[in-house]
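Visitor: Generate a structure from the sequence data that follows.
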Amino acid sequence: MQFKFLTAVAALFGLVVAAGAALATAPGFYEAEVEVADQSAATRRSAARVGLERVLIRLSGTAPLPAEPVLLEALGQPERYYDRYLFVADDRLKLFFTPSALLELIDQAKLPLWPLRRPPAIAWLALEANGVRQIVRGGHPLALALVAEAGRRGFEARLPLMDLRDQLRVQPAVVWGRSSLVLAEASRRYGAAAVLIGRLRQGAGLRPAAGGSWSGEFAYWQGSDEFTLQVNNLDLSQAGAAGAGFLASAMASHDAIPWRPTERRSLVVGGIASPLHYGGLLRYFAGLEYLKAVVVVGLDHDRLDIEVSTRAETGRLLSLLEADGRLAGPAPGAPANHLTWRGADLDRPLASQTVDTP
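Guide: Now for the predicted structure:
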C-alpha cells in the first residue's frame, strides 16, 4: 500500500495547483446584495459597480478605495468580475463575483489582502442619555447597525451577553472610563482578538437631543495597537455603521498582508500518510486566498517538499498557516518551515462569515 501511494504521488511531482479553485469555502466574501429601483440592464450595471466596490473593500480592508486607474477601469466594467446574479424580491440584486478574478484585480491594484480567516471582535458600547448611562446589548438599534455593517465588511462583531458574570465585572462606568484591565479580562470569554469601546452621549452635538443625535468616541484595541474615532451628530444606525467601519479599517491595518511582488516560499509538510492526506492538503492550499500557486517538488516517506507562491513574507505565511489549525508548527529543534498536516478530516475553520445586506 505504501509503495502504491509513493508511486501515485511521485507521478504528481511538479503539479501546480492554482489558488481560487476552492474559494467557495468562504461563504459571503465574494457576494454582494445591492438595493435596486428596477430590473433594467442599466440599473443592474450600476448596482454591479456598487457591489464590486463593496467586495473589493471587504477583501482588502481598504476604504475608500484609491483612485487607481486599474480600479477605475474595473469599476467601469463590473460585469467582467461576476459570473451570475439574481434578483431577491423586486428591489435587491445579489451578485456572485469570481474569486480568482477579484484576487488578481487586488494584486494588479497593489491593494492589501485581508486574510479571510478573521477572528471576531467584541464591542463594549455605552450610551448616556439624560444623565443615565447604560451598556448596549444585542438587539439594540446601535448594536444591530454595528453587527450588520461588520458583516458587510467581512467579520463578526459580538456584543457582550451582559449576564451575571459580565455585570459583576463591567458596569457602565468601566466602559465609559475605558478601563483597559477590566475590559481586556472580560473580553477573553468571547474569543475576540480586537476590542471596540464606544461611548456616545445623546444631544451632545449641534442638533437638538429630540432629533436622536449622538456624539462621542470609538476606541479600538488589538495587541499594542490603539486608535480612536470621534463621531458627531449621528443617529444610532449611523453611529453603529461608523463604528463598524472604523473597526474594520483598524483590524485590516493590523492583519492585512501588504502588497509585494509574489515570491516562492519553501515548505516541508509531514504527516502525509495516504492519498487522502495528500489530496486534502492540496485542496486546502488551493482554497487559501493568499497563495497564488502550489508546486510539489519532492517526497520523502510521509513528508512533502512544497513551494508556494505568495505575497506574504515567510514569517507571516507560517503564522497564518498555523493559526488556521490544519497545520501544526515545527517540532522542537526543527526548521520553522517544517509543518505537520493534521487536517485530513476537518473543514477549514473560517472564523467569520459575512452577511451582505443592502
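
Visitor: Quick one: low-confidence residue ranges for the stretch 201-350 of the chain.
Guide: Residues of the stretch 201-350 of the chain that meet the criterion pLDDT under 70 lie in 204-211, 344-350.

Visitor: how does it look with 80?
Guide: The model of the stretch 201-350 of the chain has pLDDT under 80 over residues 204-212, 343-350.

Visitor: how about the helices in it?
Guide: With helices called from DSSP state H, counting those that start in this stretch, the stretch 201-350 of the chain shows them at 236-255, 275-286, 314-323.

Visitor: Turn those helices into JSON lines, columns for distance to residue 91 and mean neighbour count.
Guide: (C-beta placed from N, C-alpha, C; glycine too.) Formatted as JSON lines, the helices of the stretch 201-350 of the chain follow (distance: least, CB to CB, whole Å; neighbours: other CB atoms under 10 Å):
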{"stretch": "helix 236-255", "distance to residue 91": "19", "mean neighbour count": "22"}
{"stretch": "helix 275-286", "distance to residue 91": "37", "mean neighbour count": "18"}
{"stretch": "helix 314-323", "distance to residue 91": "39", "mean neighbour count": "16"}
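
Visitor: May I see those organised as JSON lines, with distance to residue 157 added?
Guide: Shown next, in JSON lines, are these (distance: least, CB to CB, whole Å):
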{"stretch": "helix 236-255", "distance to residue 157": "6"}
{"stretch": "helix 275-286", "distance to residue 157": "28"}
{"stretch": "helix 314-323", "distance to residue 157": "20"}
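
Visitor: do you know which of the ones you listed lies nearest residue 35?
Guide: Taking CB to CB, helix 236-255 is the member of these nearest to residue 35, at 15.1 Å.

Visitor: tell me what the closest one is packed against?
Guide: Counting contacts by 3 or more CB pairs under 8 Å, 6 or more residues apart in numbering; DSSP states H and E, helix 236-255 packs against strand 121-129, helix 141-153, strand 194-202, strand 214-222, strand 225-234.

Visitor: how far out from the middle of the chain is the first one?
Guide: How far strand 121-129 lies from its chain's middle: 22 Å, per CA atoms, centre = their mean, to the nearest Å.

Visitor: buried ones in it?
Guide: Within strand 121-129, the residues that count as buried by 16 or more other CB atoms under 10 Å are 121-128.

Visitor: Now do the helices for the stretch 51-200 of the chain: every range, in order, please.
Guide: For the stretch 51-200 of the chain, applying DSSP H, counting those that start in this stretch gives helices covering 69-76, 99-108, 141-153, 164-169, 172-176, 180-187.

Visitor: hang on, the earlier thing: could you dump the helices and strands packed on helix 236-255 to CSV with distance to residue 331?
Guide: Putting the helices and strands packed on helix 236-255 into CSV (distance: least, CB to CB, whole Å) gives the following:
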stretch, distance to residue 331
strand 121-129, 33
helix 141-153, 38
strand 194-202, 31
strand 214-222, 30
strand 225-234, 32
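
Visitor: For residue 82, which of the ones you listed is the nearest?
Guide: Closest to residue 82 of the helices and strands packed on helix 236-255 is helix 141-153 (CB to CB; 17.0 Å).

Visitor: Format the helices of the stretch 51-200 of the chain as TSV; extra columns: mean pLDDT.
Guide: Formatted as TSV, these follow (pLDDT from 0 to 100):
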stretch	mean pLDDT
helix 69-76	98
helix 99-108	97
helix 141-153	97
helix 164-169	96
helix 172-176	97
helix 180-187	94
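
Visitor: Give me whichever of these is most buried.
Guide: Mean neighbour count (mean count of other CB atoms under 10 Å) peaks for helix 141-153 among those, with a mean of 22.

Visitor: what is the orientation angle of that one with helix 236-255?
Guide: Angle, helix 141-153 to helix 236-255, by axes from the mean of the first three to the mean of the last three CA atoms, to 10 degrees: 40 degrees.

Visitor: possible to save the helices of the stretch 51-200 of the chain as a markdown table with distance to residue 293?
Guide: Shown next, in a markdown table, are the helices of the stretch 51-200 of the chain (distance: least, CB to CB, whole Å):
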| stretch | distance to residue 293 |
| --- | --- |
| helix 69-76 | 21 |
| helix 99-108 | 12 |
| helix 141-153 | 28 |
| helix 164-169 | 47 |
| helix 172-176 | 47 |
| helix 180-187 | 39 |
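
Visitor: Please identify which of the ones you listed is closest to residue 218.
Guide: Of all the helices of the stretch 51-200 of the chain, it is helix 141-153 that lies closest to residue 218, at 9.6 Å by CB to CB.

Visitor: what packs against the closest one?
Guide: helix 41-60, strand 121-129, strand 157-158, helix 236-255.

Visitor: for those, which one sits closest to residue 198?
Guide: From the helices and strands packed on helix 141-153, taking CB to CB, the stretch that ends up closest is strand 121-129, at 4.1 Å.

Visitor: what are the C-alpha coordinates of that closest one, in CSV please?
Guide: C-alpha atoms of strand 121-129 as CSV (Å, rounded to 0.1, in the frame of the first residue of the first chain):
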residue,chain,number,x,y,z
ALA,A,121,-14.3,41.4,17.6
ILE,A,122,-16.1,42.3,20.8
ALA,A,123,-17.9,45.6,21.1
TRP,A,124,-18.4,47.2,24.5
LEU,A,125,-20.8,50.1,23.9
ALA,A,126,-22.1,52.6,26.5
LEU,A,127,-24.8,55.3,26.0
GLU,A,128,-25.6,58.3,28.1
ALA,A,129,-29.0,60.0,27.9
